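Undergrad: Just need the structure, nothing else, for what follows:
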Amino acid sequence: MDRALILASISFLLAVVWGPLLIRILRHYRIGKRIRINGPSGHRTKLGTPTMGGLMIVVPVVLITLALNIYNLLGRTVIGLSILVPLGVMLVYAVIGATDDIAGVRGMRRGEGYSAWRKLLWEVPLTLSIAVGMLVMRLQFAGQVGVPGVRLAVDLGWAWVPIAAFIILGSANAVNLTDGLDGLAGIIVASAFVAYGVIALLQEQVYLVHFCFTMVGACFAFLWYNAHPAQMFMGDTGSLALGATLGAVALMTGQWLLLPVVALIPVAETLAVILQVLYFKYTRRRFGQGRRLFKMSPLHHHFELLGWSETQVVQRFWLVGLLAAMAGVALALW
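TA: Model prediction:
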């Protein structure tokens, strides 16, 4: 654990140091945020703020993890194969997110990048391939699920593959929906990685503990520049990569049933969007005019329109997310 905490500090320092350079690069190439026309009016002041800040997290995490595991990777050991899973997931989704960010900057769909369906055409086959690879490599807990209160993991066999793909895909898009306010997604995801880092520690998966806390340090560094008023946004490059990696880590611990608890805020944000769409379609079909269940979705915008300030929403959501992460660890101990 002491090494994991040191790695978090190193990751933080590396990411913070190159943050100003990344901001200058993004500004130079005019990779700035476009604001949704139908979003809260107060967000229009953020127009042009550099996006793709997720690179600030991805780059140092990849470099540190590769440096730590070069021997295991060259020797093709079990640990080397295992650490490739979260790294591979993070890189795949970072590329997808970066492609979408660039498309958004170029003006596609009013700054929103590619459509959800178009991104799914890339995400689904890639994620299924990752899930199959995890099972074929026979990584620890691959194909299994840990149930709170049950001492032995339950083996699901090949039925685990579509479930694993759904978890990675769902987690990626849930964090993507959460990323809408200064500091929100970063602090929520960092808290979740701390929780799964502790769970991995209890399982003696040392390499996974190190990876989780390296992620935490990088997320904290990003928050240094993303705190209100944000100097940069993580964009889909960061939110998709962080969410997918969190899902992969949850699968590698076998405690993926706890992910909706540990990541309560992203789950709530996703459910709010789903319910908003379903309710609008139902009322339009029933009454001839669509009605809204929330003032706006995702959920953080609903509370903004209720009168909460942006910082109030972020801090209160983080408090709930932190308690949820603690509850997840408690359930893992049960």
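Undergrad: and the helix or strand containing L91, average pLDDT?
TA: Assigned by DSSP states H and E, L91 falls within helix 78-105. What helix 78-105 shows for mean pLDDT is 89.
Undergrad: same question, stretch 218-234
TA: Taken as a whole, stretch 218-234 has a mean pLDDT of 94.
Undergrad: start to end distance for that stretch?
TA: 12 Å (CA to CA, to the nearest Å).
Undergrad: contacting residues around the next helix or strand along the chain from the helix holding L91?
TA: Per DSSP H and E, the first helix or strand lying C-terminal to helix 78-105 is helix 116-136. Residues outside helix 116-136 that contact it (CB atoms under 8 Å, 6 or more residues apart in numbering) are 85, 88-89, 92-93, 96, 100, 142-143, 158, 160-162, 164-165, 168-169, 172-173, 244, 248, 251-252. For the C-beta atoms, the positions are set from N, CA and C on the backbone; glycine is no exception.
Undergrad: For burial, what's the neighbour tally of R24?
TA: Look at R24: counted by other CB atoms under 10 Å, it has 11 neighbours.
Undergrad: quick one: secondary structure of it?
TA: Using DSSP: H, G, I helix; E, B strand; the rest coil, the structure places R24 in helix.
Undergrad: before we move on, back to that, which parts of the helix holding L91 are buried?
TA: Across helix 78-105, burial judged by 16 or more other CB atoms under 10 Å covers 79-105.
Undergrad: and what of stretch 195-210?
TA: Result for stretch 195-210 [16+ other CB under 10 Å]: buried residues 195-201, 203, 205, 207-210.
Undergrad: Quick check: the farthest pair among those residues?
TA: Largest separation among these by CB to CB: A195 and Y207, giving 17.5 Å.
Undergrad: my guess is L293 meets V273, correct?
TA: No: applying CB atoms under 8 Å as the test, L293 and V273 come out as separate, 10.4 Å apart.
Undergrad: just to revisit the earlier point, for the buried residues of stretch 195-210, give me TSV that also has secondary structure, pLDDT and distance to K46.
TA: Formatted as TSV, the buried residues of stretch 195-210 follow (DSSP: H, G, I helix; E, B strand; the rest coil; pLDDT from 0 to 100; distance: CB to CB, whole Å):
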residue	secondary structure	pLDDT	distance to K46
A195	helix	98	30
Y196	helix	97	31
G197	helix	97	32
V198	helix	97	34
I199	helix	96	35
A200	helix	95	36
L201	helix	95	38
Q203	coil	93	41
Q205	coil	93	39
Y207	helix	91	38
L208	helix	94	35
V209	helix	95	36
H210	helix	94	35
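Undergrad: mind listing the helices for the chain?
TA: With DSSP state H as the criterion, the chain has helices at 2-28, 55-68, 70-74, 78-105, 116-136, 160-178, 184-202, 206-226, 235-253, 259-262, 264-287, 299-305, 310-333.
Undergrad: Out of those helices, indicate the one that is most buried.
TA: The highest mean neighbour count among the helices of the chain, using mean count of other CB atoms under 10 Å, belongs to helix 235-253: a mean of 30.
Undergrad: Against which helices or strands is that one packed?
TA: helix 55-68, helix 78-105, helix 116-136, helix 160-178, helix 184-202, helix 206-226, helix 259-262 (3 or more CB pairs under 8 Å, 6 or more residues apart in numbering; DSSP states H and E).
Undergrad: Tabulate these (a markdown table), appending distance to V154.
TA: Output for those, formatted as a markdown table (distance: least, CB to CB, whole Å):
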| stretch | distance to V154 |
| --- | --- |
| helix 55-68 | 30 |
| helix 78-105 | 21 |
| helix 116-136 | 15 |
| helix 160-178 | 10 |
| helix 184-202 | 17 |
| helix 206-226 | 20 |
| helix 259-262 | 16 |
